[in-house]
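Student: Quick one: sequence plus predicted model below, questions after.
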Protein chains: 2
Amino acid sequence: MDNDDTRKRVLEAAGRVFADRGYESATIRGICDLAGANIAAVNYYFKDKKSLYLAACLEAQCAREGAVPMPEWAPGTPAAEHLRDFIHTFLRRLLEDERPAWHRQLMLRELATPTEASGQVVEDYIRPMAMVLKGILTEMLPAGVTEDEAFLVGFSIVAQCLFYHLHEPISSRLMGEEAYRQLTVDRLTDHIARFSLAAIGYARPLSKPAGEMVSGNTGDRGAATTH
Amino acid sequence: MDNDDTRKRVLEAAGRVFADRGYESATIRGICDLAGANIAAVNYYFKDKKSLYLAACLEAQCAREGAVPMPEWAPGTPAAEHLRDFIHTFLRRLLEDERPAWHRQLMLRELATPTEASGQVVEDYIRPMAMVLKGILTEMLPAGVTEDEAFLVGFSIVAQCLFYHLHEPISSRLMGEEAYRQLTVDRLTDHIARFSLAAIGYARPLSKPAGEMVSGNTGDRGAATTH
DNA sequence: CTTGCTTTCAAACAAGCGTTTGAATAGATT
DNA sequence: AATCTATTCAAACGCTTGTTTGAAAGCAAG
C-alpha cells in the first residue's frame, strides 16, 4: 500500500509548497514534512530539487488540461457568443476553486516569473488558448485589421481576465475586501464580455442609453451580456 | 568623498539585485560585491537584509513619484482626453526605460508577490492613481452606474496596461519577438485608449465602419485615438 | 530461516546564508 | 602628536539549505 504512495504524496506536497512559496523559498524539508516522508525520499524518487519541481509542473499541467475544456460550438452560433464563452472558460481556469488548487497557482507562477519550465507551459497550455481566441477574433474583426492589431485586441481581453488572479491582493485592498469577495466568475464574465464586445462593436457601450444601440457589422444581433 | 557614498552604493546595488532576483534569491554577499563594499556594510548602514529591502523599496518609490507625473488638465478638456492621458502616463510609468530601471521592476515585483513592503506601495503609489482614474470614470460613466461597476471598468483599463509589463516574456513569445519589439508606448496608448473609450461609448468600436460613429452621452464629441 | 530486493530512516556532509565581532584604518579635533 | 570618532575589513558565528550515506526495516521468493 505504501508502495509508490510516498512518491505521489511527495509530488503532491511539492506542488502545493512550490505553488505558494515559489521555487527558492520552498524547502525540501518542508515538502517532506507535509508529505509525511523522509527527506531522502526526494533523492530516491526524484533526483534533485529541480527535477522535483519540473515533475510537479508537468503534473499540474497534465491534470489541468482536461479539467476545464473549451466548449464545442455548434456551427452557426454567433461569434459574440464564442467570445463570451471563451472569457468564461478562461476565467474559470484562472479563478475557479477546484480540488488541487496548486495546479493553477503553480502554472501562473511560472508565467509571472519564468523559470526553465515556463517554455513548456506556454507551448502546451497558453498557445492553444491563444489560437482559439485568435480564431474568434479574426471572425469578428473587419478584414482590414492587421495581425498585430488582432493580437493587441486579444491581449486586451486576456489581460482583463488575468488581472483578477494576479492582482487579487492589491485590487481587493483597493476595492474593499467585502465588495471584492462578491466578484464571482459569472459577474466578471458579464463585465469583461460586455466591455470587450462593446469595444469591438458587438454590444452596447457601457455609458450609452438603451435606445441608441447600433448593431455589429456581422449578421447576429449585438447581444449585450445575457448568455 | 567615500563618506556616505558606500551607503548609496549599497542601496543602489540592493535595488538592482532585489529587482531582478527577488528577495529570497538575492544575497547580501552578491549585493555588496556589486556595490564594491564589505559584507558588514549592510549591518552598519542598514540593520537587516529586510530593512535594506524596505529601504530600497522606499527609495524606488520616492524616486519614481516625480519622474512621470500626472498631467494637469485645463478645465474644460474633454473627459475622453483625460482618460487617454491617464493611460499614457500609466504606460510610461510601467514601460518606459529610464535610468534606474530597477525602481519600476522592484515596485511591480512587490505587487505581483506582495511582501511587507507592498502595503506602503499600494497606499502611496497605487491608490493615488486609482483615485485619479476613478475621478475620470465617474465623470464619464452615466450616473446610474454603481461604485463596484466603476471599479470593474477601472480594473479593465489598468489590466490592459499592466499586461505588457508583467507578461512580456509570454506575450513576446506568442506574438513573435520582432513584432513585439515594435509595440511602443505610444502605439499601446492608442490601442488601449481606443479599446477602452469604445467600450464605454466615447469612441468608434474597432469593427465599426467609419460612418456609423455615435457620439457619447456627454457634451464633447467622441474623439477616437488622436491626441 | 535465509536470501535478495526495495523502500525508509536518522545522521551527517559540505556549502551557502544572514549576522556579528573586534581589530585595523582613516580623518578630524583638540 | 595625541585623542576621539566614524568607517572598513577579514574572519568567524550559528543556522539552514540541498544532498548523500550506510544501516535498518519490510517483504516476497526460494
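Tutor: On my side now, so go ahead.
Student: Centroid-nearest residue for chain A?
Tutor: residue A:94 (3.5 Å; Cα atoms, centre = their mean).
Student: element containing it, please.
Tutor: helix A:79-95 (DSSP states H and E).
Student: Does that helix reach chain B?
Tutor: No: applying Cβ under 8 Å from any Cβ of the partner chain, one finds helix A:79-95 separated from chain B by no less than 10.3 Å. Placement of C-beta: from N, CA and C, glycine included.
Student: so how far is the helix or strand where residue A:159 lies from its chain's centroid?
Tutor: According to DSSP H and E, residue A:159 maps onto helix A:147-166. Its chain's C-alpha centre and that of helix A:147-166 lie 12 Å apart, by Cα atoms, centre = their mean, to the nearest Å.
Student: So which bits of it are buried?
Tutor: Buried residues in helix A:147-166, counted by 16 or more other Cβ atoms under 10 Å in any protein chain shown: A:148, A:150-164, A:166.
Student: check whether it contacts chain B.
Tutor: Yes: counting by Cβ under 8 Å from any Cβ, chain B has neighbours in helix A:147-166: A:147-149, A:151-153, A:155-156, A:158-160, A:162-164, A:166.
Student: Stretch A:17-27 now?
Tutor: Yes: interface with chain B: stretch A:17-27 contributes A:22, A:24-25 (Cβ under 8 Å from any Cβ).
Student: what's the closest of the residues of helix A:147-166 next to chain B to residue A:54?
Tutor: Of all the residues of helix A:147-166 next to chain B, residue A:166 has the smallest distance to residue A:54: 22.9 Å, by Cβ to Cβ.
Student: how much distance is there from the lowest-mean-pLDDT helix or strand in chain A to the middle of the chain?
Tutor: Of all helical and strand segments in chain A, the minimum by mean pLDDT, DSSP states H and E falls on helix A:118-121, at a mean of 78. Its chain's average C-alpha position is 14 Å from that of helix A:118-121, according to Cα atoms, centre = their mean.
Student: Same check on stretch A:19-39?
Tutor: With Cα atoms, centre = their mean, you get 25 Å for stretch A:19-39.
Student: mind listing what's buried in it?
Tutor: In stretch A:19-39, counting by 16+ other Cβ under 10 Å, buried: A:19, A:21-23, A:26, A:28, A:31-32, A:35, A:37.
Student: Can you name the element that comes right after the least confident helix or strand of chain A?
Tutor: helix A:127-140.
Student: With pLDDT and secondary structure as added columns, please give the buried residues of stretch A:19-39 in a markdown table.
Tutor: Formatted as a markdown table, the buried residues of stretch A:19-39 follow (pLDDT from 0 to 100; DSSP: H, G, I helix; E, B strand; the rest coil):
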| residue | pLDDT | secondary structure |
| --- | --- | --- |
| A:19 | 90 | helix |
| A:21 | 89 | helix |
| A:22 | 89 | helix |
| A:23 | 91 | helix |
| A:26 | 95 | coil |
| A:28 | 97 | helix |
| A:31 | 97 | helix |
| A:32 | 97 | helix |
| A:35 | 95 | helix |
| A:37 | 95 | coil |
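Student: farthest pair in these?
Tutor: A:22 and A:37 (21.3 Å).
Student: close to chain B, is the host helix or strand of residue A:103?
Tutor: For residue A:103, the host element (DSSP H and E) is helix A:102-112. Yes: applying Cβ under 8 Å from any Cβ, one finds helix A:102-112 touching chain B at A:111-112.
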